[in-house]
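J.: any chance you can model this:
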Amino acid sequence: MTRILLFVLFIVAAALGLAWLADRPGTVTLQWLGYQIETSAFVATLVMFALVSLVILVLALLRYVWTRPAAVAAYMHERRQQQGLEALSRGLLAIGVGDRAQAQRYAGIAARYLPREPLTALLRAQAAQLKGDPASARRAFEAMLDRPETQLLGVRGLFLEAKRGNDEDAARALAEQAVRQDPKLAWGVNALFDIQARAGDWNGALNTLAIARQNGHVDTGTANRRRAVLLTAEARETETFDPDKALTLANEALRLSPSLVPAAELAGGLFASKGEARAASRQIVRTWKLSPHPDLAVAYAFAKPGLSPKDRLKRVEYLAGLTPDDVEGPIAVAQAAIDAKEWQQARDVLAPYVEGRPSARICTLMARIEGGSGDKGREREWLARAVRAPRDRAWIADGYVSDRWLPVSPVTGVVDAFAWKAPVDAIGRGDDTLMIAEDTEPPRDASAMVSLAPAEPADVVDVTPIASETSEGGQKSPEPRDGEAVEVSAGVKAGRAETSPAATPGPKVNVVGTERTEEKPASPDFMPIRPPDDPGVAQPDPDESPTSLERLRAAQIR
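T.: Here you go, the predicted structure:
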């Protein structure tokens, strides 16, 4: 709109000027080279205007002809650049979708049109990686090292290639180079930290961790925890030849992370070895309140050397009283009570935890208690339950279960990956098939046996002694009373039976679910399932649910 207005004003001004000039006639005389030209002022003005326009037009034409080669070159350059950028775009898209052929094609076009573009080198390297040509990828990344703007990109690419080739030395050197050039790059600092921690270079890892914290790559809490873990790992290595330094490192680790169990255990042991039982107990108690652990209970029990098992039991009872809601306390007390041969106290401590699905550790402790009390039947029962009981807590990192704490995960190399928790697997499922069959009255011989698995009706063997047959002494073999049946597992098949020692040499074998009955003399080499001195297992609270009774009736041999 403004341009139209200005154009109209210009036309109006020119018309007014020409009208003003036409109203004032005059004569213009020009004498040049013997010629004399006379005209009016109006015509002379028009001629001058035409001459000036012609000169401008000629100069513009000459300038256009003069600048054509440069304009053509600029046009060609712009066109090549446009084609190169389009090739880069299409090549990166081909890399994204995994099209190796298109990626190679567009990488070649980009290299032809944009040879100095950093993205071209990146596209060529990624196309080589997608093709599975590590040598070409390394050459492409090495070419980036010659230019300042692509140097770090080349370092990162070579680092990734070294990691893929499991070249730890080259990867570490490249990570160190990246940290020296730009410590603000998180990938370089984190990669160097992981490599140093995995290699056991605790001092180097501590220095790299300080760089990461200074540049904001990790928060303060995570940095303190990682530093505590690294200090603990270093203390464990120096414990043998420099216990004073190990104690200093462990105390520093506990200052940064009071809940770190390995540091507290190590510090307590070192204090105890120096005769400072009070300092050892103080460190262990402080960590126990935050993270109860069986290793801490053992360290606390032996913090004072020379104590009797009963004195150690009293110390563990005090420690367990600090965390009444955690199961580690009662387990530690039960362990100490077993060492002191206080069987009843150990049984009472574990009584609230044996109902339902006790863990394997509790089942094992109960087996030790029953074995120490002289009840071998109960001992075997608890050992059988321990086999299929839920697993106890252990040091776990990335699915790897370890019986001892490690500072670095052996799977991924992550620092502080181990956690004290219970593993989840098929072994931890409940065992409803573990049942104890028993009578209301104690058995009078060793013929009462335990069925450890439900039997299928078609595979149950019925063994009934014949009262008419006599033993070698001329007396009739006694018939078992109700409940004195011999039970066999579901693995027993037709035609095969196991008898009790009280049975007569010639039992009649009835195979339930089959159409044949045969008589088979007892083998003289028969070995009973249980020794004759085993009175069997007496279960105070038998499971009388319909399902359990059906299983017992199906598995029991009448």
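J.: in the stretch 251-400 of the chain, which spans are strands?
T.: Secondary structure of the stretch 251-400 of the chain (DSSP state E, counting those that start in this stretch): strands located at 394-397, 400-402.
J.: would JSON lines of these with mean pLDDT be doable?
T.: JSON lines is the format used below for the strands of the stretch 251-400 of the chain (pLDDT from 0 to 100):
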{"stretch": "strand 394-397", "mean pLDDT": "92"}
{"stretch": "strand 400-402", "mean pLDDT": "89"}
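J.: comparing the ones you listed, which comes out most buried?
T.: Greatest average neighbour count among the strands of the stretch 251-400 of the chain goes to strand 394-397 (a mean of 18), per mean count of other Cβ atoms under 10 Å. C-beta coordinates here come from the backbone N, C-alpha and C atoms, glycine included.
J.: which elements pack onto that one?
T.: strand 400-402, strand 419-421 (3 or more Cβ pairs under 8 Å, 6 or more residues apart in numbering; DSSP states H and E).
J.: which positions within the last one qualify as buried?
T.: Along strand 419-421, these residues count as buried under the neighbour rule (16 or more other Cβ atoms under 10 Å): W420.
J.: can you check stretch 204-211 too?
T.: Those would be 204-206, 208-209, 211, for stretch 204-211 by 16+ other Cβ under 10 Å.
J.: okay, it in CSV with CA atoms only?
T.: Taking C-alpha atoms only, stretch 204-211 is exported to CSV below (Å, rounded to 0.1, in the frame of the first residue of the first chain):
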residue,chain,number,x,y,z
GLY,A,204,41.1,-43.1,39.9
ALA,A,205,37.4,-43.7,40.3
LEU,A,206,37.3,-41.4,43.3
ASN,A,207,39.0,-38.6,41.3
THR,A,208,36.6,-39.1,38.4
LEU,A,209,33.7,-39.0,40.8
ALA,A,210,34.9,-35.7,42.1
ILE,A,211,35.0,-34.3,38.5
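J.: so A233 makes contact with W405?
T.: No. The criterion here is Cβ atoms under 8 Å, and A233 misses it with W405 at 9.6 Å.
J.: now the buried residues of stretch 204-211 as CSV including distance to R378, pLDDT and secondary structure?
T.: Output for these, formatted as CSV (distance: Cβ to Cβ, whole Å; pLDDT from 0 to 100; DSSP: H, G, I helix; E, B strand; the rest coil):
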residue, distance to R378, pLDDT, secondary structure
G204, 55, 93, helix
A205, 51, 94, helix
L206, 53, 94, helix
T208, 56, 94, helix
L209, 53, 94, helix
I211, 60, 94, helix
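J.: hang on, the earlier thing: would you turn the strands of the stretch 251-400 of the chain into a markdown table with distance to K310?
T.: Formatted as a markdown table, these follow (distance: least, Cβ to Cβ, whole Å):
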| stretch | distance to K310 |
| --- | --- |
| strand 394-397 | 30 |
| strand 400-402 | 33 |
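J.: A337 is nearest to which of those strands?
T.: strand 394-397 (23.2 Å; Cβ to Cβ).
J.: quick one: distance of that closest one to the chain centre.
T.: 11 Å (Cα atoms, centre = their mean, to the nearest Å).
J.: partner strands of that strand and their direction?
T.: Paired with strand 394-397 in the same sheet, following DSSP bridges, are strand 400-402 (antiparallel), strand 419-421 (antiparallel).
J.: for F271, state which of the buried residues of stretch 204-211 is nearest.
T.: If you rank the buried residues of stretch 204-211 by distance to F271 using Cβ to Cβ, L206 comes first, at 23.8 Å.
J.: which residue sits closest to the closest one, ignoring its sequence neighbours?
T.: L230 (5.4 Å; Cβ to Cβ, 6 or more residues apart in numbering).
J.: so that neighbour sits against W202, correct?
T.: Yes. Counting by Cβ under 8 Å, L230 touches W202, with 5.0 Å between them.
J.: out of the two, which sits in the busier spot?
T.: The neighbour count for L230 versus W202, taken as other Cβ atoms under 10 Å, is higher for L230 (26 against 22).
J.: contacts only, for that one.
T.: Applying Cβ atoms under 8 Å, 6 or more residues apart in numbering to L230 gives the contacts 197, 202, 205-206, 209, 407, 415.
J.: cool, and Q335?
T.: Neighbours of Q335 in contact, by Cβ under 8 Å, 6+ apart: 294, 297, 316, 365.
J.: give me the neighbour count for the last one.
T.: Residue neighbour count, defined by other Cβ under 10 Å, stands at 26 for L365.
J.: out of the contacts of L230, who's nearest A351?
T.: Distances from A351 to these, taken as Cβ to Cβ, are shortest for P407 (38.3 Å).
J.: returning to what we had before: including distance to I56, could the buried residues of stretch 204-211 go into CSV?
T.: Formatted as CSV, these follow (distance: Cβ to Cβ, whole Å):
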residue, distance to I56
G204, 76
A205, 77
L206, 78
T208, 71
L209, 74
I211, 68
